[in-house]
Every structure is written in C-alpha cells, then in structure tokens.
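Asks: Please find the sequence and the predicted model below.
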Amino acid sequence: MKHAILVILFFSSAVISALAAAPTRVLIVVGPTDHPPGTHEVAAGGRLLKHCLEHMANVPDVKVDLFYEWPKDAAVRAAASTVVFIGDTFPPNRLPNAAQNLAELGDMMARGCGIVCVHYATGLLGADVKPDGDHPLLHWMGGYFAHKSCQHHVSLAKIFPAATITPSAPQHPVWRGCREFTLHDEPYTHNYLGPANAPLSSRATVLATALLPPEAPKPEAVSWCIERPDTGRGFAVVMPHFYRNWKLADLRRSVLNGIVWTAKLAVPATGVQTTLPDLSTFNPVSIEPIPRAPNVKSGPSKDASSKK
C-alpha cells in the first residue's frame, strides 16, 4: 500500500509539473485582405506578432499557433488562452463557414478565452449584424468598427497625417511601459461601443483616445477593452493601417501588452520588452504603401475622406 501511494504521488507530481511548465498558447488567425501593398499587410502582421510574442524578454513561455484560415483542429482552439484576429473586417465572418466559425469561437469565449482584434479586424459589415447592431463581437470585445453598410451606426475611416494617441486609462496594464505617441495612420473614429443605454457593467473601458478630426477635435476611442462575465477579456486597437507603423515601439508594445493581458498573464511593470527585426523579415508585399493601380477594382475606399 505504501508503495502504491508513493507511485501515485510521484505521477501526480509529474503531471502537476508538466502542467506548470506548459507554455501559454496564443492563436493568431489571419483573414483575407484586398488592400494595396504596404497597407494592412495582414499576413506579415501576423508573422510579426508571432515573432514578438515568442521572443518577449520579460514574459517567457508563450507559443503562437498562426493560421491563415479558420483553425479546424478543436485541440488548437481549446489550447488557446487568447485569440488574435487581423484581416479586412472580422475574420470569422469573412472566412468560409461563418456560422460554424462563430459557434466554435463562441465555445472558446464561453470558457473564458481572450480575444484581440487589430485595425480592420475590428470591423463588421451591415450584413454581419442585427438591425439594432447586435453581434457576438460586441459582447466579446466591447465594441467594433461599424462599416458604412450598417444601418444602426457608421464609423469613420480617414487617414490623418499626425494623430496623437493619448492614454485615457493610463493605469491599465495595457499601457505599461508606453507613452503618448503620434503617427501618420488611419485610426478609426466613431467606433460603436454599444447602445447608450447599455448597463455600465457591460460597457468597455476606453484605453486610448485621439482628438480627431483636427478641424473639429473631440476625444475619439481608438483602443478599448472589456472584462466579461465569463472571465474572458477582450481588447481592440484600430491601428495600424500602414505596415511601417509596426516600427513604433509604443504602438507595438501596447498591442503586445493587450494580447498578454487577454491571455491572463501578468503584464510587466515596464510593459512587454521585445527587439523587432527589420520589417522585411516578415515578408510583406511592401513596407511602404504603394497606391493601387487605377484600373484595378478596389475594395473599401481608402482616401482621406472615405468611410469604409
């Protein structure tokens, strides 16, 4: 009997040690894009995030599963502590079998998995949402970019030569090690964070604002987060549009901090520390933006006065 107890204790200890040593897994899903080279560059952006997350100097043992399609392996989805989306509008809605994708993602959210959307991946089309604007993403992440095809609300997409991004919740872990920064980019404005009469408990925390547009400035939410009743966390950031802006340390660190926070890991006091290789390492079509040829059928307009 004593021998049997020792064997059980030995194996129990081994299992506990193995679980403790298992790395935290982040799932990145890259959706489709039709934007010109140097803008969005979602595939290269996914590879860049994977590299940074797996090479954090002060947050060890994080591994990334990177997919350019919906991950069909249930074990991959079950292992993820958080899922990061990058693409032209919310990828689960754009990839094949949208209803099944959303159902499987809903299972992940129900167990407390985190969710992060970057730039246009925060976006929903009118066909994606109910007439009143309801969509699971609103509850999982606290808000979204409402495409011009939406009837309940329309967000705005405009490129600004100099938008200053200011922390509105500077004590939040997402802002650790970051400062206010200015960039030439397309921070979406008039984002939809739910109906005005939504209960306070369901509302997102606005993490960063920008005073836009310059001719009639008012604080616009450009990053937000939510802590859900299911214990999961959501984080949204509506930049970067230009691939080259991943070089900006404060922007990049705030995104990485947000991913780490949604994975329920401790964000270091100085924020996530990484060394970024040259942007060409991640094989973008182009680092600098290249205008779309005039005879090529375009997707959503991207000029300075457009709505997506």
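Replies: Nice, thanks for sending it over.
Asks: so where's this protein shaky on pLDDT?
Replies: By pLDDT under 70, the weakly predicted segments of the chain are 1-21, 200-201, 294-308.
Asks: same for the helix or strand hosting G258, what does it pack against?
Replies: If you go by DSSP states H and E, G258 is part of helix 249-262. The helices and strands touching helix 249-262, judged by 3 or more C-beta pairs under 8 Å, 6 or more residues apart in numbering; DSSP states H and E, are helix 42-54, strand 80-86, strand 114-118, strand 181-185, strand 218-227, strand 233-237. C-beta: built from backbone N, CA, C; applies to glycine.
Asks: which one of those lies closest to W175?
Replies: Of all the helices and strands packed on helix 249-262, it is strand 218-227 that lies closest to W175, at 9.3 Å by C-beta to C-beta.
Asks: Could you tell me the angle between the closest one and helix 249-262?
Replies: Computed by axes from the mean of the first three to the mean of the last three C-alpha atoms, to 10 degrees, the angle separating strand 218-227 from helix 249-262 equals 30 degrees.
Asks: Centre of the chain to strand 218-227, how far?
Replies: 13 Å (C-alpha atoms, centre = their mean, to the nearest Å).
Asks: Could you spell out the sheet neighbours of it, each with its direction?
Replies: Using DSSP bridges, strand 218-227 pairs in its sheet with strand 205-212 (antiparallel), strand 233-237 (antiparallel).
Asks: Out of those, indicate the one that is most buried.
Replies: strand 233-237 (a mean of 27; mean count of other C-beta atoms under 10 Å).
Asks: So what touches that strand?
Replies: Strand 233-237 has contacts (C-beta atoms under 8 Å, 6 or more residues apart in numbering) with 82, 114-119, 122, 140-144, 174, 191, 204, 208, 222-228, 254-255, 258-259, 261-262, 264.
Asks: returning to that earlier point: adding distance to T164, write the helices and strands packed on helix 249-262 out as TSV.
Replies: Output for those, formatted as TSV (distance: least, C-beta to C-beta, whole Å):
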stretch	distance to T164
helix 42-54	23
strand 80-86	24
strand 114-118	20
strand 181-185	5
strand 218-227	10
strand 233-237	15
